[in-house]
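Enquirer: sequence and predicted structure are below.
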Amino acid sequence: RDRARFEKEKLAFQGPWKVVASATKPKDPAAPKRPIPASLSYANKKRSLVVKEHPELNTGDISRLLAQMWKEAPEHERRQYFERAAKQQELYKKEKQAWDAKKAAAAQTKNADRQAIDSDGAACDMAIAQSAPPTPSALKNASAQL
């Protein structure tokens with residue numbers, strides 16, 4: 001009974017069958033990449049050792065073990081990773097500011113080009129508007145020549 005109702009509603013449905021994904025801007029490949037956090041840097045360094053010591057663990061278990069190791073790591077070891085992450089973050093900020101300035105300059109140039117084209121188009125429109133419209137006799141002569 002419910003299947004019959006479903007089929008009936010399906011036939012009457014007029015909307016799209018798929019949900020349209022929102023249009024997102026593609027990422028610029030030239031954009032600077034964000035630095036990785038200190039904990040991930042630590043995990044990347046220690047992962048190969050953990051895999052050698054515990055080959056039976058799957059990736060999820062390895063990640064849990066690495067997280068536990070990070071929490072239990074001595075303060076001086078953690079501080080090294082935090083300092084390195086801070087340096088990478090500062091470098092990222094500088095690269096991002098330079099990239100943003102470059103992007104803004106390109107947008108400004110693009111807007112200036114558009115304004116130049118628009119002003120040229122406006123001048124053409126004004127010239128056309130100021131010219132006298134053709135007379136009916138001129139239109140007759142033009143159609144007779146065709």
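Expert: Yep, that arrived. Numbering: from 1, shown residues only.

Enquirer: where does the prediction get shaky in the protein?
Expert: Within the chain, the segments meeting pLDDT under 70 span 16-17, 19-21, 117-146.

Enquirer: now do the same contact list for the residue at minimal distance from the centre of it.
Expert: Centroid-nearest residue in the chain, with C-alpha atoms, centre = their mean: residue 27, separated by 3.2 Å. Residue 27 makes contact with no residue, according to C-beta atoms under 8 Å, 6 or more residues apart in numbering. Every C-beta, even on glycine, is put in place using the N, C-alpha and C of the backbone.

Enquirer: quick one, helices of this protein?
Expert: For the chain, the helices defined by DSSP state H occupy 2-12, 38-53, 59-72, 75-130, 136-145.

Enquirer: minimum distance to residue 18: which of these has it?
Expert: Residue 18 lies closest to helix 2-12 among those, at 14.5 Å (C-beta to C-beta).

Enquirer: on that earlier part again, got TSV for the helices of the chain, with distance to residue 23 and mean neighbour count too?
Expert: Shown next, in TSV, are the helices of the chain (distance: least, C-beta to C-beta, whole Å; neighbours: other C-beta atoms under 10 Å):
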stretch	distance to residue 23	mean neighbour count
helix 2-12	28	8
helix 38-53	31	14
helix 59-72	34	13
helix 75-130	20	11
helix 136-145	47	9
